[in-house]
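**Student:** Sequence and predicted structure are below.
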Amino acid sequence: MNILFAADENAWGGFFGLIKAELPQHHFEASGHFGFESLRGFDVLIPTMSRVGRDQLATADRLRLIQQCGAGLEGVDHQHARELNIAVANVPTEISGNADSVAELGIYLMIGLSRDFRKMSLSLARRKAGTPKGRSLSGKTVGLIGLGGIGRAMARKLKAFDVRLIGIKCHDPQKAKEELGLEWAGTPAEMDILLRQSDYVVLCLPLTAENQNIIGRQAFGAMKQNAFLINLSRGGLVNRDALEEALASEKIAGAGLDVFWEEPVNPDDTVFQYNVLATPHIAGSTDVSISGIVKVVSENIRRLDRGQEPLYQKK
């Protein structure tokens, strides 16, 4: 089978080389960027950050599977793909080790902001010791917006830091509250309650048409002035201009971002003039998670080759 990886071959922690080594009987091709010119001649597409809409699908002549190397499928028109008898599948975060890896980076961003990473760098450069004074996570309130795989992993790991945990979940938040030992949980309609209380607002939910720009001027207005925003999900959840305004006017204390409004993000974007700790969309790129993702993706390609239904299909 011919398999297209819609990214540079070095992207995503060497995934391309690992999946090729796992399935040497198949032909793999990397597009070299987040995108592709045509799907003609390919049986499988690994879309990464690429849009796969009607126009792109119109170029497919033999495509049978769109297999994401992660959880995010917001750029894929899965309904039209199904009409074309093309299966669409992902790798759920909780089964690959991805959720735990993302949660670890989330905690890194929280600690980096809390201990004032910018002033620490200045102190080293100026040969100063014992400054700055940081904030401890202990006793602070962490608001998790989204209690799926990543939100649950965050809740599990953060308990060791003696924080107060609250959360938002679309369906049955009380069940999640009991399962995760949260002090409070509500629905998206009650998000202002979480925003007003949280010292850290952590985004752990998938991007949909309904929650595009869910964190905008109104949300920033509800947040505490000394609160930090942490985005581990998708850049489209946060209104970029509203974020810059909130940082510039000190409506919030800072932001930790692993995802952005455009990717790769422009390193000269003016938002980085403010208290922003940024990482290049690497939360899920660890030895553990990449190994788990390769295992699932290779199994689905083998299943396709055997005429079986792929696992974890988008319904």
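**Tutor:** Cool, got the structure.
**Student:** Now do the buried residues in stretch 263-277.
**Tutor:** Across stretch 263-277, burial judged by 16 or more other C-beta atoms under 10 Å covers 265, 271-272, 274-277. Just so you know, the C-beta spots here come from the backbone N, C-alpha and C atoms, and that holds for glycine as well.
**Student:** how about those in CSV, adding secondary structure, distance to Gly284 and pLDDT?
**Tutor:** Below are the buried residues of stretch 263-277 laid out as CSV (DSSP: H, G, I helix; E, B strand; the rest coil; distance: C-beta to C-beta, whole Å; pLDDT from 0 to 100):
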residue, secondary structure, distance to Gly284, pLDDT
Val265, coil, 17, 94
Val271, helix, 23, 98
Phe272, helix, 22, 97
Tyr274, coil, 26, 98
Asn275, coil, 25, 98
Val276, strand, 20, 98
Leu277, strand, 18, 98
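**Student:** I'd like to know which elements the strand or helix carrying Arg302 is packed against.
**Tutor:** According to DSSP states H and E, Arg302 maps onto helix 287-305. Where contact means 3 or more C-beta pairs under 8 Å, 6 or more residues apart in numbering; DSSP states H and E, helix 287-305 is packed against helix 11-22, strand 44-46, strand 65-67, helix 93-96, helix 98-114.
**Student:** Tell me which of those lies nearest to Ser298.
**Tutor:** With C-beta to C-beta as the criterion, Ser298 lies closest to helix 11-22 of the helices and strands packed on helix 287-305, at 4.5 Å.
**Student:** With just CA atoms, put the closest one into PDB.
**Tutor:** C-alpha atoms of helix 11-22 as PDB (Å, rounded to 0.1, in the frame of the first residue of the first chain):
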ATOM      1  CA  ALA A  11       8.100  15.900  12.500                       C
ATOM      2  CA  TRP A  12       6.400  14.400  15.500                       C
ATOM      3  CA  GLY A  13       9.400  12.900  17.200                       C
ATOM      4  CA  GLY A  14      10.600  10.800  14.300                       C
ATOM      5  CA  PHE A  15       7.200   9.100  13.800                       C
ATOM      6  CA  PHE A  16       7.800   8.700  10.100                       C
ATOM      7  CA  GLY A  17      10.900   6.700  10.500                       C
ATOM      8  CA  LEU A  18       9.400   4.500  13.200                       C
ATOM      9  CA  ILE A  19       6.300   3.700  11.200                       C
ATOM     10  CA  LYS A  20       8.300   2.900   8.100                       C
ATOM     11  CA  ALA A  21      10.500   0.500  10.100                       C
ATOM     12  CA  GLU A  22       7.400  -1.100  11.600                       C
END
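**Student:** and after that helix, which helix or strand comes next?
**Tutor:** Downstream of helix 11-22 (by DSSP H and E), the next one is strand 27-30.
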